[in-house]
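> need a 3D model of the sequence below.
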Amino acid sequence: MKKILFIFSISTFFLSTSIGIAQSGVVNKMIEPFFGFGWDIDNSSTAQSLPNDRFGETLINGDFNGDGFPDLAIGAPNRDIFAADVGLVIVLYGNQLGLTNVNSSIITTSTQIEADSEFFGKSLASGDFNNDGYDDLAIGAPGKHFTNPISMVEFENTGAIYIHYGSASGVTATGQFIDADENDELTSDRQEFAEFGHALTSGDYDGDGFDDLVVSAPGQSILVDQPFGDPETNAGIIFIYYGGQINSANMGLNSEIRDTLFQSSPNVQGTSESNDLFGYSLATGDFNNNGFDDLAIGVPFEGIEPIPVAGLVQVFYGNNLGLINDDQIYQQDDMIGAATEAGDLFGLALAVGDINGDSIDDLLIGAPLEDIANITDAGVAHYLPGTSIGLDPANSVTFSQETPGIFGVAETDDRFGLSLLATDLNADGFDEVIVGVPFEENNGVDSGFIHTIPGLNTGLDFAESSFIAGENANDNFGHSFATSENYVGPSLIISMPGSESFDNDLDSGAIIESFYLNPDIIHKDGFDFNFSKDL
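Next up is the predicted model:
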């Protein structure tokens, strides 16, 4: 099998003939990769790449086989399987050297494949829903259709998810099917174009030791003025499935035991309105350090009167009853150095990490269509620190490619902040902020770019930021991220779903695992560095 190989040193680099990465130079904090390894469908599994697979569109980590090494699930939601855009997920298992294709898993939908697009793998989440020590994999198929078995009427894009439980041999081949229906009744929450499964996240919101799963349906219509009035179309809703259900598969999730939340729910701030798309993005973290996970929900198409499509983020704080009765709304006016404006899509991207090293999760929010002066859709991101009483807008930070210390300049349609991640790449106890700019034109149209900004006790260290540039036009380098680790330190996984395969399949997609050195390990006496991969 072919391998895509990247070799880095601190001051020099070598480029693959098919995919390359450029570096910014020496960085004192060692936040630049010294080695990289690339994967596409051809070298990650027994499948062969096809045009428009979009391999790497979505990524999620999890230890699915319980061996202590992070594994990686990779979505290719546009994969054709007997029909267009059915979708595919490939799982690579980790070992002490990083990811490997040994015994990699190929996952497709577990029920009948539809004639049209399912987009299986459009969203991914991992969590231990049955608390057996193996992470489980949730896969969204928001394009899944539903056909009424009595009338034979087909409803498009109702959506579904599949739960593939982890085991000593990895994820199970057959997944548990869940859709918006609660108990298999035809009069149910299934709605055409609701796209149940558009976004997924997991966490222990009620503190019972079992991970729970949140599923969004941003296209769901909500009847606010019951029983009269017209429904608010594309208002959006989330479904919360609680782990540890005795009468469910593997004592995991049960489709009949769930909560729903939307902006017109009792005791929830706001009102469900047409085209809000509540739940378009999701993220989980403990923002008040009380031991219960909290849920951040992006509502990027929300209008803030009289400003249309400005966006907001709504955070529900966890407690022993789950995600109820405690929510807070944040908008761009709340962020230092920012203002609520039309079309910014504040909340389109979310990420969670401990940036300032105080052991309390912080929230990152992308507003990728923010205009900077007369530069249209340049994009910005926001850092919102957590505290013992929740997120703290008074100490937030707004940053972009115009921020001193961040390489480059804001340009039209860059969409800085379209993807975000927080992870500790230099093992100093502070998470770095990784910002994707997948439509940057550094090496051709939409070649893509990422920025790495170190964290420190006061927030973000822009002076020590660095970058990696995508090499080829249309790669969309930096579209999504994940993390892993190996015996010399952490690694960052970067997707480029628009890349071309070796055999010239356009938009087939690829990912890169970039390795970073952990100085606490490599400086130990007796350390023997011999990094090689034999796949």
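
> my read: Phe239 touches Thr260, true?
Yes. Assessed by C-beta atoms under 8 Å, Phe239 is found in contact with Thr260 at 5.6 Å. Any C-beta I mention is one placed from the backbone N, CA and C, and that applies to glycine too.

> just want to know which of the two has more residues nearby.
Between Phe239 and Thr260, counting by other C-beta atoms under 10 Å, Phe239 is the more crowded of the two (24 against 14).

> look up how far Ser169 lies from that one.
Distance of Phe239 to Ser169, given as C-beta to C-beta, to the nearest Å: 30 Å.

> quote the end-to-end distance of stretch 285-300.
Taking C-alpha to C-alpha, to the nearest Å, the first and last residues of stretch 285-300 lie 19 Å apart.

> off-centre distance for it?
15 Å (C-alpha atoms, centre = their mean, to the nearest Å).

> also stretch 51-61?
11 Å.

> how about that stretch as PDB, C-alpha atoms only?
Extracted C-alpha coordinates of stretch 51-61, given in PDB (Å, rounded to 0.1, in the frame of the first residue of the first chain):
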ATOM      1  CA  PRO A  51     -14.000  10.900  -6.700                       C
ATOM      2  CA  ASN A  52     -16.000  13.100  -4.300                       C
ATOM      3  CA  ASP A  53     -15.600  10.700  -1.300                       C
ATOM      4  CA  ARG A  54     -14.600  13.700   1.000                       C
ATOM      5  CA  PHE A  55     -12.600  11.400   3.200                       C
ATOM      6  CA  GLY A  56     -11.800  13.400   6.300                       C
ATOM      7  CA  GLU A  57     -14.900  15.600   6.200                       C
ATOM      8  CA  THR A  58     -15.400  14.600   9.900                       C
ATOM      9  CA  LEU A  59     -13.000  13.200  12.500                       C
ATOM     10  CA  ILE A  60     -13.400  11.900  16.100                       C
ATOM     11  CA  ASN A  61     -11.100  10.300  18.600                       C
END
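
> and it, which residues are buried?
The neighbour-count criterion (16 or more other C-beta atoms under 10 Å) identifies Asn52, Asp53, Arg54, Phe55, Gly56, Glu57, Thr58, Leu59, Ile60, Asn61 as the buried residues of stretch 51-61.

> mind putting these into CSV with pLDDT?
Formatted as CSV, these follow (pLDDT from 0 to 100):
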residue, pLDDT
Asn52, 93
Asp53, 93
Arg54, 96
Phe55, 96
Gly56, 96
Glu57, 96
Thr58, 98
Leu59, 98
Ile60, 98
Asn61, 95
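
> so can I have a markdown table of these showing distance to Gly322 and secondary structure?
As requested, the buried residues of stretch 51-61 are exported to a markdown table (distance: C-beta to C-beta, whole Å; DSSP: H, G, I helix; E, B strand; the rest coil):
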| residue | distance to Gly322 | secondary structure |
| --- | --- | --- |
| Asn52 | 40 | coil |
| Asp53 | 37 | coil |
| Arg54 | 34 | coil |
| Phe55 | 35 | strand |
| Gly56 | 33 | coil |
| Glu57 | 30 | coil |
| Thr58 | 26 | strand |
| Leu59 | 27 | strand |
| Ile60 | 23 | strand |
| Asn61 | 24 | strand |
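
> now do the end-to-end distance for stretch 247-260.
Termini of stretch 247-260 sit 20 Å apart (C-alpha to C-alpha).

> so what's the gap between it and the chain middle?
With C-alpha atoms, centre = their mean, you get 23 Å for stretch 247-260.

> that one: which residues count as buried?
For stretch 247-260, by 16+ other C-beta under 10 Å, it's Ser248, Ala249, Asn250, Met251, Gly252, Leu253, Asn254, Ser255, Arg258, Asp259.

> who's in contact with that stretch?
With C-beta atoms under 8 Å, 6 or more residues apart in numbering as the test, stretch 247-260 has contacts from 129-132, 136, 163, 165, 176, 178-179, 181-183, 189, 213, 237-245, 322-324.

> stretch 302-314 now?
263, 269-270, 273, 276, 278, 296-301, 327-333, 340-348, 350, 363, 365, 367.

> mind checking the end-to-end distance for stretch 365-382?
5 Å.

> next secondary structure element downstream of the strand or helix carrying Gly298?
Assigned by DSSP states H and E, Gly298 falls within strand 294-299. Once the chain leaves strand 294-299, the next helix or strand it forms, by DSSP H and E, is strand 312-316.

> tell me which strands that following strand pairs with, and in which orientation.
strand 294-299 (antiparallel), strand 327-330 (antiparallel) (DSSP bridges).

> tell me which of those strands sits most buried.
When these are scored by mean count of other C-beta atoms under 10 Å, the highest mean neighbour count falls to strand 294-299 (a mean of 28).

> kindly export it (C-alpha atoms) in CSV.
Taking C-alpha atoms only, strand 294-299 is exported to CSV below (Å, rounded to 0.1, in the frame of the first residue of the first chain):
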residue,chain,number,x,y,z
ASP,A,294,-22.2,21.2,30.1
LEU,A,295,-23.4,21.6,26.5
ALA,A,296,-22.7,24.5,24.1
ILE,A,297,-25.1,24.8,21.2
GLY,A,298,-24.4,26.9,18.2
VAL,A,299,-27.3,28.8,16.7
